[in-house]
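Colleague: Quick one, what's the 3D model for this:
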Amino acid sequence: MEALNTAANHLLAIERSIPVAVLPERDTPGGSIFLSSIDNAALSIISTVYTFNRSDANVAGVIKHALSKVLVYYYPLAGRLAKTSQGKLTVDCEKKFGVPFVEASADCHIENLGDMQIIDSDILGKLVYREPTENMLEVGPLLTAQVTRFKCGGFTLGIAIHHCMVDGIAAINFMSSWAELARGKPLSLVPCRDRTILKSRVPPQISGPYDDFVHVSDVSDLTASYEREQIVFKSFHFDCEKLATLKKRATADGQLMSSCSNFVALASLVWRARSMALKMKPHQLSKLLITVDFRSKLRTSMPEGYFGNAIIAPCCLCTAGELIDEPISSTAGKIKKVVERVTEDYVRSSIDFMDMYQFDPYSVSSLLISSWLRLDYGCIDFGWGAPWQLGTGNPPPNLCLFMREGSANKKGIVVVLGLPLSAMNTFQELVRI
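Modeller: Numbering: from 1, shown residues only. Got it, this is the predicted structure:
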């Protein structure tokens, strides 16, 4: 599976309405919302598309009306970003510009577009409305929504949301709440908007140092490869049989590790194969960062329904030579230890570090793996059934996505990443099982 191709793009002709600003149905608090250091580090805008098989003529109206209702609870999304005197981002809730909402129609059947999991950027741009002002600090929206109806009766809901507002879990909770109100149901989960839960400590208590924040120099001149060659994005399917084979390899040395998860085994394969495919020099530091949801680690202070970013990215760091020479079981053991390292003390210490120091963990020799495997989008039912797929665009070059294989009821994993053309040709051979 690759991103939707240009042939599908030509099939997709969209007619859009003028964006309408949707405001909370009732008055909501003003003031400002604190954003944590983790929120402040999440500066991208994430586009997602939820695909539904059926609808009726009133689908856009129902979803739009429910948006005004859900914004009463998630009112920061109707605000705008601002900066504090210390240069930190905050949400200004006095400026209620609202959420731009667009209705659209497509002159084709939704099946004509093929797989909607990884979406070509041109098609994504037609299904997700992006405000021209989105990068302007005080006027850019934090959320936009577009409902697109297709001739077959299916529809898509395209969302663009600022990452500083949500991680994957918070986004799904918001979407589920929105869908519940559309069906006339009460919220099953009331959001916790208090992000001061993740405020840095005074004085800071940094128990590092952490490899997570080590700057990695590009001694292999990888930047030139990314600039010189075409960047190719591909996705790789690993069904249950392939994953079982991979886990056997990762645990072949029973003394190192007797068991591991599908995620750990697959992350080991991808990290090693990418480092080899990019032809990193043996002394090049190769860094693997893994997004970990730490909600369960802070049970004493983090209530259910926390609305914000509750992810941390611990890392494995070694030279490319060490990584390539060691068996995959050793790599898997390193990754498992890193994931298990995420405790409350680790999280608090990392937040203190991020609040005090500037850092750039995402150099070209680094790989960040973001897992969407636990995002339960099957609960997002606006009244016409659950979406059969959740899709997004191509990830940035240093980011690799782990997604469910196809629809929500499948148990395989799809790996999506981009590499220079020559490296991608090598990578796809190295991950063949």
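
Colleague: For the rest of this, base every contact and every neighbour count on C-alpha atoms.
Modeller: Noted.

Colleague: what residues go with each domain of this structure?
Modeller: Under automatic domain parsing, the residue ranges defining each domain of the chain are 6-198, 211-430.

Colleague: and those as a markdown table, adding distance to Pro204?
Modeller: Output for the domains of the chain, formatted as a markdown table (distance: least, CA to CA, whole Å):
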| stretch | distance to Pro204 |
| --- | --- |
| domain 6-198 | 13 |
| domain 211-430 | 5 |
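
Colleague: As a markdown table, those domains with mean pLDDT and mean neighbour count would be great.
Modeller: Shown next, in a markdown table, are those (pLDDT from 0 to 100; neighbours: other CA atoms under 10 Å):
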| stretch | mean pLDDT | mean neighbour count |
| --- | --- | --- |
| domain 6-198 | 93 | 19 |
| domain 211-430 | 90 | 18 |
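
Colleague: How much space separates the residue nearest in space to the middle of the chain from Phe238?
Modeller: Central residue of the chain (CA atoms, centre = their mean): Gly168, 5.8 Å from the mean position. Applying CA to CA, to the nearest Å, the value for Gly168 to Phe238 is 22 Å.

Colleague: same deal with Val190?
Modeller: For Val190, the distance to Phe238 - CA to CA - is 36 Å.

Colleague: which ones are touching the spatially closest residue to Lys69 that is not a sequence neighbour?
Modeller: Closest residue in space to Lys69, ignoring its immediate chain neighbours: Glu25 at 5.4 Å, by CA to CA, 6 or more residues apart in numbering. By CA atoms under 8 Å, 6 or more residues apart in numbering, Glu25 lies in contact with 68-69, 71-72.

Colleague: now Val102
Modeller: 16-20, 129, 145-147.

Colleague: Check Gly412 too.
Modeller: Applying CA under 8 Å, 6+ apart, the residues near Gly412 are 237-240, 243, 404-405.

Colleague: how about the nearest residue to it once chain neighbours are set aside, what does it touch?
Modeller: Among residues not flanking Gly412 along the chain, Asp239 sits closest, at 4.3 Å (CA to CA, 6+ apart). Contact analysis of Asp239 by CA under 8 Å, 6+ apart lists 405, 411-413.

Colleague: Tell me the one of these nearest Thr196?
Modeller: Ile413 (35.2 Å; CA to CA).

Colleague: Wait, the closest one touches Glu405, no?
Modeller: Yes. Using CA atoms under 8 Å, Ile413 is in contact with Glu405, at 4.9 Å.

Colleague: overlap in contacts of these two?
Modeller: In contact with both Ile413 and Glu405: 237, 239, using CA under 8 Å, 6+ apart.

Colleague: hang on, the earlier thing: which members of the contacts of Asp239 occur in strands, if any?
Modeller: Among those, the members falling in strands (DSSP state E) are Ile413.

Colleague: Put together TSV for the contacts of Asp239, with distance to Ile328 on each row.
Modeller: Conversion of the contacts of Asp239 to TSV gives the following (distance: CA to CA, whole Å):
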residue	distance to Ile328
Glu405	24
Lys411	23
Gly412	21
Ile413	19
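
Colleague: In a helix, Lys181, correct?
Modeller: No, residue 181 isn't Lys; it's Leu. Yes. Applying DSSP: H, G, I helix; E, B strand; the rest coil, one finds Leu181 inside a helix.

Colleague: Surely it is in contact with Leu187?
Modeller: Yes. Shown here, Leu181 and Leu187 form a contact pair, counting by CA under 8 Å, at 7.0 Å.

Colleague: May I have the beta-bridge partners of Gly418?
Modeller: Beta bridges link Gly418 to Phe233, judged by DSSP bridges.

Colleague: can you pull the contacts of it?
Modeller: Per CA under 8 Å, 6+ apart, neighbours of Gly418: 231-234, 394-400, 424.

Colleague: now these as CSV including secondary structure and distance to Leu157?
Modeller: Output for the contacts of Gly418, formatted as CSV (DSSP: H, G, I helix; E, B strand; the rest coil; distance: CA to CA, whole Å):
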residue, secondary structure, distance to Leu157
Ile231, strand, 28
Val232, strand, 27
Phe233, strand, 24
Lys234, strand, 24
Asn394, coil, 18
Pro395, coil, 20
Pro396, coil, 23
Pro397, coil, 26
Asn398, coil, 27
Leu399, strand, 24
Cys400, strand, 24
Met424, helix, 32
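
Colleague: Between those, which sits nearest Phe52?
Modeller: Out of the contacts of Gly418, the member with the shortest distance to Phe52 (by CA to CA) is Asn394, at 21.1 Å.

Colleague: Enumerate every residue touching that closest one.
Modeller: So Asn394 contacts 3, 118-121, 233, 416-418 (CA under 8 Å, 6+ apart).

Colleague: which one of these sits closest to Leu81?
Modeller: Ser121 (25.9 Å).

Colleague: quick revisit: ok, of the contacts of Asn394, which one's closest to Ala42?
Modeller: Leu417 (19.3 Å).

Colleague: What's opposite the nearest residue to the closest one once chain neighbours are set aside in the beta bridge?
Modeller: Leaving out its chain neighbours, the residue that sits closest to Leu417 by CA to CA, 6+ apart is Cys400, at 4.7 Å. Here Cys400 sits in beta bridges with Ile369, going by DSSP bridges.

Colleague: could you list every residue that touches Cys400?
Modeller: 367-370, 415-418.

Colleague: for Ile206, same thing?
Modeller: 349-350, 352-353.

Colleague: any idea of the pLDDT on Asn5?
Modeller: Per-residue pLDDT puts Asn5 at 44.

Colleague: coming back round to it: closest one of the contacts of Ile206 to Arg195?
Modeller: Among the contacts of Ile206, and counting by CA to CA, the member closest to Arg195 is Asp352, at 14.7 Å.

Colleague: if I've got this straight, the closest one is in a helix?
Modeller: Yes. Counting by three-state DSSP, Asp352 is found in a helix.

Colleague: Hmm, it is touching Leu198, no?
Modeller: No. The criterion here is CA under 8 Å, and Asp352 misses it with Leu198 at 9.6 Å.

Colleague: could you measure Pro24 against Ala60, distance?
Modeller: Taking CA to CA, one finds Pro24 at 17 Å from Ala60.

Colleague: same check, this time on Leu367
Modeller: 39 Å.

Colleague: Met175 now?
Modeller: Taking CA to CA, one finds Met175 at 15 Å from Ala60.
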